[in-house]
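Engineer: Dropping a prediction and its sequence here:
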There are 4 protein chains.
Amino acid sequence: MTKPRDIAVIVGSLRRESFSRKTAHALAELAPEVLALELVEIGGLPHYNQDLEESLPPEWAAFRERVRRADAVLFVTPEYNRSVPGVLKNAIDVASRPYGKAAWQKKPGAVVSVTPGRLGAFGANHHLRQSCVFLDIPMMQQPEAYVAHAGDLFDEAGRLKNDSTRNFLAGFMTAYADWVEKILRGSDALA
Amino acid sequence: MTKPRDIAVIVGSLRRESFSRKTAHALAELAPEVLALELVEIGGLPHYNQDLEESLPPEWAAFRERVRRADAVLFVTPEYNRSVPGVLKNAIDVASRPYGKAAWQKKPGAVVSVTPGRLGAFGANHHLRQSCVFLDIPMMQQPEAYVAHAGDLFDEAGRLKNDSTRNFLAGFMTAYADWVEKILRGSDALA
Amino acid sequence: MTKPRDIAVIVGSLRRESFSRKTAHALAELAPEVLALELVEIGGLPHYNQDLEESLPPEWAAFRERVRRADAVLFVTPEYNRSVPGVLKNAIDVASRPYGKAAWQKKPGAVVSVTPGRLGAFGANHHLRQSCVFLDIPMMQQPEAYVAHAGDLFDEAGRLKNDSTRNFLAGFMTAYADWVEKILRGSDALA
Amino acid sequence: MTKPRDIAVIVGSLRRESFSRKTAHALAELAPEVLALELVEIGGLPHYNQDLEESLPPEWAAFRERVRRADAVLFVTPEYNRSVPGVLKNAIDVASRPYGKAAWQKKPGAVVSVTPGRLGAFGANHHLRQSCVFLDIPMMQQPEAYVAHAGDLFDEAGRLKNDSTRNFLAGFMTAYADWVEKILRGSDALA
């Protein structure tokens, strides 16, 4: 059997009972076997400050290295104030430097935005996509994933309660597995 | 020799001396031979109105058919009021319907934004990209192309005056040719 | 009694049974008496083309004049392809010229986005706001108005079926009336 | 003499030699006397995590209190990866909670985006504006301020080298002083 693709999953909320984190766990379970998802923690990353590049915080170095090792990246995030949470944006910023050496480059990406509200965290979803242009992360366009009313979706053990959500997210992960292969094999075909 | 890829070029300005149109012509000349660019006119498309689907305007039908036939799509556009010109957005809307049958789907895309000002028509560039998410147009992320000070770039015959712009745009088209192949061959590899 | 403020209402859809149009009619009914709403048609405006400024289309002239006469502007719009419909953006573009003489300038604005879907036409709402920055339209920030599931809201006569929507929209119009006064009186206080 | 308005200035970069910080200092000097600008530090704010609301980090409490006390807020920021720096977004998030009690509410706002590049940090400027919608910060629309080529603007002492930039920023601050008065007096007129 082929080795599964290594997918770095970045969750945009630090809250213990975060809906985004629960969604990320559900995605890991639902993903086809060709993908191996691993959550990469971002809560311990010091705020980005270029002056610190000279005495690199070890948390930055480890995070950059982890992202660089990944075959692909998956963002699962709430919306804070109609945009990406600061803590997630900081992680993106940290692994985007030094300038020109972003760890994110060329890794097939996707985003799932999650909210207890009704608008699907659209603002976070698309602001994140704008950063991915600069970072040269080829983003899966369809299906888009806007998880709304997240407060109703999980049981006390943090597992999905209904089949419609499960089916949607499983379909999303199948499409993402295809996107990852499309980009990586397409790149191989050109090399 | 392999048949070149058919690239539908959509220009966002109707002005006779449009900088975007001149840029599109320059891109057509600078493109590698594996790409064949054709400008597709949008000025004659009636405003989108779903009621007209029942007695389809022939301009809509022809435009949809032309886009559907293309292997890939390239947008070259000015910025109007920090966003995509209405006339270009209308063309996008026209070929996005009927719902679920967008002619744009899965065609590798790229955007060049053009302005006589200094900010590179950034607002148009990224608003267009947001529509491409919904339309399932896989967008080339890098290099981004923000053509600024366009009033200084062309001679009286409408040709590029300086090598730096020429080299940048030629490099952009080479990268786009690679992106087109990456997506189309990646798709073939999965089929 | 004071003369009511003249509010130009721009509807982003041309469809006869447009949910945005029905919403606009509801807003006109629910508005406090200090506001007089009038729908301004945009379907007959030729695509913007700067070359036509020399022999100005009468539709453009009339539209610019109508907007210029208004005390304030209210946009009610669907989302097409995660952004503003082309036909609405064209109307914005038409009344934004000639350069530096935008008819929209300094008129207190607000936006209601409307969709039969669930995401509230968020993409249209915020892309429109970006244009309003350039046009110097001071925008009401709160409450935001994202009308979702619009297919369930109106009866056969096109009237709102439920009180919760009616109350929300009435509250929105009260807030907008305050915003209009705040900006116009604030401007007077400075003059 | 009337007491000057208290303007909280939030700078989006932590770098010692930050161009945004230098720009903020220049704005403080150039501002009309009716405004008193104070830089509010954000580098020490722990990442937002709702779980911490129960044992509130003192840095959060102090920052919220400082913002709440301000008459108005001014953001001066670089662009990181086509959006707002994580560290600035985190500060916005911190003072946006607890939910419904954002310290930012109703404070007249403006943004100056700053970059050593040529595109004026447009992406940061407008993503920030989207958050301000949710936070109910009435934003000055014009003039927009995109400070580009910032590496050429300051001398070794960190002072502006040329009059054109100085005049532009002075004009910006005069307009902002008007905007602050317009909103605050308009609000008084309605109260």
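Structural biologist: Everything's here; your move. Just so it is clear, the structure is predicted and the values come from calculations on it, not from any experiment. Numbers count the residues shown, from 1 in each chain, chains lettered A, B, ... in the order given.
Engineer: switch to C-alpha atoms for all contacts and neighbour counts from now on
Structural biologist: Fine.
Engineer: give me the number of residues near the closest residue to A:E41 other than its chain neighbours?
Structural biologist: In space, and not counting its chain neighbours, A:E41 is closest to A:I10: 7.1 Å by C-alpha to C-alpha, 6 or more residues apart in numbering or on different chains. The tally of other residues near A:I10 (other C-alpha atoms under 10 Å in any protein chain shown) stands at 24.
Engineer: May I have the beta-bridge partners of A:I10?
Structural biologist: A:V40, A:F75 (DSSP bridges).
Engineer: Would you check how far apart A:A170 and D:E54 are?
Structural biologist: 36 Å (C-alpha to C-alpha, to the nearest Å).
Engineer: Those two: who's more crowded?
Structural biologist: Taking other C-alpha under 10 Å, A:A170 and D:E54 do not tie; A:A170 has more neighbours (19 against 7).
Engineer: Could you tell me how many residues sit around A:G158?
Structural biologist: 16.
Engineer: Over to the one 4 residues further on?
Structural biologist: Residues lying near A:N162 (other C-alpha under 10 Å) number 12.
Engineer: and chain A, which residues reach chain B?
Structural biologist: A:126, A:130, A:132-142, A:144, A:178, A:181-187, A:189-190 (C-alpha under 8 Å from any C-alpha of the partner chain).
Engineer: What ranges in chain A fall below the confidence cut-off?
Structural biologist: A:1 (pLDDT under 70).
Engineer: all helices of it, in order?
Structural biologist: Taking DSSP state H as the test, the helices found in chain A are A:19-30, A:58-69, A:86-94, A:122-134, A:163-190.
Engineer: most tightly surrounded among those?
Structural biologist: helix A:86-94 (a mean of 27; mean count of other C-alpha atoms under 10 Å in any protein chain shown).
Engineer: what does that one contact?
Structural biologist: A:10-13, A:42-43, A:45, A:47-48, A:60, A:64, D:47-48, D:80-81, D:85-91, D:93 (C-alpha atoms under 8 Å, 6 or more residues apart in numbering or on different chains).
Engineer: switch to 6 Å and redo it
Structural biologist: A:12, A:48, D:47, D:86, D:89-90 (C-alpha atoms under 6 Å, 6 or more residues apart in numbering or on different chains).
Engineer: Between helix A:122-134 and it, find me the angle.
Structural biologist: 0 degrees (axes from the mean of the first three to the mean of the last three C-alpha atoms, to 10 degrees).
Engineer: Close to chain D: what parts of chain A are there?
Structural biologist: Counting by C-alpha under 6 Å from any C-alpha of the partner chain, the residues of chain A close to chain D are A:14-15, A:47, A:49-51, A:81-82, A:86-87, A:89-90, A:131, A:134.
Engineer: Now the two most distant members of the contacts of helix A:86-94.
Structural biologist: Farthest-apart pair in those is A:G12 and A:Y48; separation 16.1 Å (C-alpha to C-alpha).
Engineer: Between the two, tell me which one has more neighbours.
Structural biologist: Counting neighbours by other C-alpha under 10 Å for A:G12 and for A:Y48 shows that A:G12 has the greater number, 28 against 25.
Engineer: could you list every residue that touches the residue nearest to that one when sequence neighbours are not counted?
Structural biologist: Leaving out its chain neighbours, the residue that sits closest to A:G12 by C-alpha to C-alpha, 6+ apart is A:T77, at 4.3 Å. By C-alpha under 6 Å, 6+ apart, A:T77 lies in contact with A:11-12, A:20, A:113-114.
Engineer: so what's the nearest residue to A:A8 once chain neighbours are set aside up against?
Structural biologist: Excluding its sequence neighbours, the residue lying closest to A:A8 (C-alpha to C-alpha, 6+ apart) is A:V73, at 4.8 Å. By C-alpha under 6 Å, 6+ apart, the residues touching A:V73 are A:7-9, A:109.
Engineer: one more time with 8 Å
Structural biologist: A:V73 touches A:7-10, A:67, A:104, A:107-110, counting by C-alpha under 8 Å, 6+ apart.
Engineer: got it, and A:E65?
Structural biologist: A:A103 are the contacts of A:E65 under C-alpha under 8 Å, 6+ apart.
Engineer: do you know how far it is from A:G43?
Structural biologist: 16 Å.
Engineer: re the thing from before, which one of the contacts of helix A:86-94 is nearest to D:A31?
Structural biologist: Of those, the one sitting nearest to D:A31 (C-alpha to C-alpha) turns out to be D:K89, at 25.2 Å.
Engineer: State the distance from that closest one to chain C.
Structural biologist: 18 Å (C-alpha to the nearest C-alpha, to the nearest Å).
Engineer: Tell me how many other residues surround whichever residue of chain A sits closest to chain C.
Structural biologist: Here chain A gets closest to chain C at one residue, A:L119, 4.6 Å apart by C-alpha to the nearest C-alpha. For A:L119, the neighbour count with other C-alpha under 10 Å is 22.
Engineer: phi, psi of the residue lying closest to it once chain neighbours are set aside?
Structural biologist: Once flanking residues are discounted, A:L119 sits nearest to C:L119: 4.6 Å by C-alpha to C-alpha, 6+ apart. Note on C:L119: its backbone torsions stand at phi -90, psi 10 [degrees, to the nearest 10].
Engineer: hang on, isn't C:L119 packed against A:G120?
Structural biologist: Yes: assessed by C-alpha atoms under 8 Å, C:L119 is found in contact with A:G120 at 6.4 Å.
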